[in-house]
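Q: here's a sequence, model it:
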Amino acid sequence: MDFEKRGEILLQNIIFVILNLLFLVVLILFVTSRANSAHVLEEGYAKQIALLIDAANPPMLIKLNMEKARRVAEKNDIPFSKVVRIRGNVVTVRLDSGEGYSYSFFNNVDVGNPYPDGDFYIFPISAKE
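A: Sure, this is the predicted structure:
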């Protein structure tokens with residue numbers, strides 16, 4: 001009878017290890033898919049643009065490489081010219097069909113309409129009138 005109990009314990013441990021490995025694989029796949037998602041890029045670019053504008057001294061042109069954003073936007077059928085929008089002191093970056101990610105800047109400057117130039121976005125900065 002002791003041999004049957006040992007067999008059951010071994011089978012339970014094997015099933016436990018397999019289920020834990022399966023859970024770990026699913027967790028890793030989820031994390032890697034989210035790390036490369038449009039939302040993470042939207043947030044990063046919006047914050048980066050806002051920080052660049054906060055550090056700007058007018059008159060100035062800021063040129064930002066947005067190659068990754070261009071690839072993701074094209075994959076999601078979003079025109080690259082519509083990726084960045086600035087209204088008032090809020091930068092919004094949109095790379096998929098959602099509303100995008102918005103972030104504020106505090107520098108008292110006028111930011112002209114940002115426009116794409118190849119893989120770059122150009123941000124004209126001028127003094128507030």
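Q: so residue 85 sits against residue 101, correct?
A: No: the criterion here is Cβ atoms under 8 Å, and residue 85 misses it with residue 101 at 11.2 Å. In this view, the C-beta of every residue, glycine as well, is placed from N, C-alpha and C.
Q: which residues do these two both contact?
A: In terms of Cβ atoms under 8 Å, 6 or more residues apart in numbering, residue 85 and residue 101 are both contacted by the residues 92, 94.
Q: neighbour-wise, which of those two wins?
A: Remark: of residue 85 and residue 101, residue 101 carries more neighbours, 20 against 14, as counted by other Cβ atoms under 10 Å.
Q: check contacts around that one.
A: So residue 101 contacts 39, 42-43, 46, 92-94 (Cβ under 8 Å, 6+ apart).
Q: is it correct that residue 98 falls within a helix?
A: No: Residue 98: not assigned to a helix; according to DSSP: H, G, I helix; E, B strand; the rest coil it is coil.
Q: still on that earlier bit, adding distance to residue 13 and neighbour count, write the contacts of residue 101 out as TSV.
A: Converted to TSV, the contacts of residue 101 look like this (distance: Cβ to Cβ, whole Å; neighbours: other Cβ atoms under 10 Å):
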residue	distance to residue 13	neighbour count
39	40	13
42	45	25
43	42	16
46	48	22
92	52	17
93	49	26
94	50	21
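Q: ok, which pair from those is furthest apart?
A: Using Cβ to Cβ, the contacts of residue 101 span at most 13.0 Å, a distance reached by 39 and 92.
Q: narrow the contacts of residue 101 to those in strands?
A: Among these, the members found in strands (DSSP state E) are 92-93.
Q: where does the protein have low pLDDT?
A: The model of the chain has pLDDT under 70 over residues 1-7, 35-36.
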